[in-house]
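[1] Below are the sequence and a predicted model for it; my questions follow.
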Amino acid sequence: QVQLVESGGGVVQPGGSLRLSCAGTERPSSVTAAGWSRQAPGKEREFVAAITWSGGDTYYSNSVKGRFTISRDNAKNTAYLQMNSLKPEDTAVYYCAAGTIASMIHGDPHSWGQGTQVTVSS
């Protein structure tokens, strides 16, 4: 099991920015990507973004494409989610994930982080 620790959540006004971090322990060879999902109150958890560790290929949901940027630092085993132009509908608990791209898109990754709250409100 990969241990994941998230940080960087908080409260921000609409149009503002936040940067989430996800630090992980050493990962097995089956874990080829890192990503983020989110869950708003009363809604199912949804895929947000993912990135491969080796090539840095990125994937985004349509709802965040053009506003969010995922990146990674292989040396630090850390992934980042830069969130710009935030909207109230981005309010959710954001969960870091480790697995394959497909597993994260389908909501069944190898490991989940504990989650960090992001609130967008004026």
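    Received the coordinates, thanks.

[2] Spatially central, which residue of the chain would that be?
    When CA atoms, centre = their mean is applied to the chain, the residue found nearest the centroid is residue 36 (2.1 Å).

[3] avg pLDDT for whichever strand or helix holds it?
    For residue 36, the element it lies in under DSSP states H and E is strand 33-39. The average pLDDT for strand 33-39 rounds to 97.

[4] strands paired with it, and their directions?
    When pairing is defined by DSSP bridges, strand 33-39 lines up against strand 46-52 (antiparallel), strand 92-99 (antiparallel).

[5] which residues touch the shortest one?
    Read that as strand 46-52. For strand 46-52, contacts defined as CB atoms under 8 Å, 6 or more residues apart in numbering pick out 32-39, 57-61, 64, 68, 70-72, 79, 81, 94, 97, 101, 104-105, 107. The way it works is simple: take the backbone N, C-alpha and C, and place the C-beta from them, glycine included.

[6] any idea of the mean pLDDT in it?
    Mean pLDDT, strand 46-52: 97.

[7] Tell me the first helix or strand C-terminal of that strand.
    strand 58-60.
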